[in-house]
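Engineer: one predicted model, sequence on top.
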Amino acid sequence: MSDETSLHGALQSYVDKWLAVQPQQRTALVFVDPAKYPGHIALAAWEQELLSAAYGIREPHVAATKLNWWAEELSGAAASGGRHPLTRVLFDDERAHAIPPERWLAPVLAAMAQLEEGTAVDFSAQLNAAAALHGALAALETAWWYGEAASPARAARVATLSHLLFALRRLQDDVERDRLPLPMARLARFGLSRAKLRQRSDERDQAIKAQLGDLRSAWGEASRLDGPLSVFRALEAGEGERLVRRAVQAGEPLKTLQKGTPGSGFMATLRAWRAARRWQQSVRQAP
């Protein structure tokens, strides 16, 4: 087996993990050809690896060890080309070398800083806390897709909102965690304890709908911010915004959130095509 074949197989395993979390992105791959844009795919898969370490590992010291490894890997990747399959694909692309080293490290450092954060006081504090990591990822992603001159403001906000929505969908799974998907002020307002979050009740439904209302308003504000979105981010954000609208009107909002939205079909393909067209037009118009 050649080194190139081995690398492709290793890369695909990480791409599969990303698509397992965001299956709707299979539609986007029709317009972002993996053979032509392997670095774009590798960056999305790497972002998922980082988020899995930051949020998916329950022991903070284990997560810190993995994140520290990534910090060391990225610090030397420009010179060595990297050891990890994703790093090797990324730093085989000239885009990676055009991005300042500190931009590569920023998401890892932000992920480490938030490992032991508890539940936010209110929605505004929740948004600010999540923005450190997801804003850093969005800044890196925007520079990769559009260059350093492009503003990451809009991408940073929708990335943060997408994360808060994803966390809300996992409400029942994360009841025992220090950081709950609903802020403390919201829990207090509706008289919800950790135990009460496990079972459906009118109070839990109302709290979730209140959270969805804030997310919906914030998504509307995000559309007025500057900056482009990657094809993957645009598709994720569009699906998330539609899911919020659907869930806030549902009788059982959490059940609707967990069911999600159809990630395929004509409308999904049309949205992916439009996002890809905006990306290609922006790239062609760049100086």
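Structural biologist: Structure's in. What do you need?

Engineer: can you tell me the SS state at residue 234?
Structural biologist: helix (DSSP: H, G, I helix; E, B strand; the rest coil).

Engineer: who touches the closest residue to it other than its chain neighbours in this structure?
Structural biologist: Leaving aside its chain neighbours, residue 234 sits nearest to residue 275 (3.8 Å; criterion: Cβ to Cβ, 6 or more residues apart in numbering). Any C-beta I mention is one placed from the backbone N, CA and C, and that applies to glycine too. Neighbouring residues of residue 275 by Cβ atoms under 8 Å, 6 or more residues apart in numbering: 28, 31, 229, 231, 234, 235, 238.

Engineer: mind putting these into CSV with pLDDT?
Structural biologist: Converted to CSV, the contacts of residue 275 look like this (pLDDT from 0 to 100):
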residue, pLDDT
28, 94
31, 95
229, 96
231, 96
234, 94
235, 93
238, 91
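
Engineer: taking these one by one, which sit in helices?
Structural biologist: Among the contacts of residue 275, the members falling in helices (DSSP state H) are 28, 231, 234, 235, 238.

Engineer: which residues in the stretch 101-250 of the chain form helices?
Structural biologist: Here the stretch 101-250 of the chain has its helices, by DSSP state H, counting those that start in this stretch, at 101-113, 123-146, 153-169, 184-189, 194-197, 202-222, 231-248.

Engineer: and the ones you listed: which comes nearest residue 94?
Structural biologist: Ranking those by proximity to residue 94 (Cβ to Cβ) places helix 123-146 first, at 11.0 Å.

Engineer: same for that closest one, what does it pack against?
Structural biologist: Packing contacts for helix 123-146, counted by 3 or more Cβ pairs under 8 Å, 6 or more residues apart in numbering; DSSP states H and E, involve helix 38-51, helix 94-98, helix 101-113, helix 153-169, helix 202-222, helix 266-285.

Engineer: mind listing what's buried in it?
Structural biologist: For helix 123-146, a neighbour-count test (16 or more other Cβ atoms under 10 Å) marks 123, 126-127, 129-146 as buried.

Engineer: tell me where the protein is predicted with low confidence.
Structural biologist: 1-9, 262-264, 286-287 (pLDDT under 70).

Engineer: what residues go with each domain of it?
Structural biologist: 1-15+33-116, 117-282 (automatic domain parsing).

Engineer: out of the ones you listed, the one nearest residue 22 is which?
Structural biologist: Comparing the domains of the chain by Cβ to Cβ, domain 117-282 comes nearest, at 6.3 Å.

Engineer: let me see the contact set for residue 233.
Structural biologist: By Cβ under 8 Å, 6+ apart, the residues touching residue 233 are 138, 141, 155, 158, 159.

Engineer: rerun that using 10 Å as the cut-off
Structural biologist: Neighbour list for residue 233: 28, 44, 47, 137-138, 141-142, 145, 154-155, 158-159, 162, 275 [criterion: Cβ atoms under 10 Å, 6 or more residues apart in numbering].
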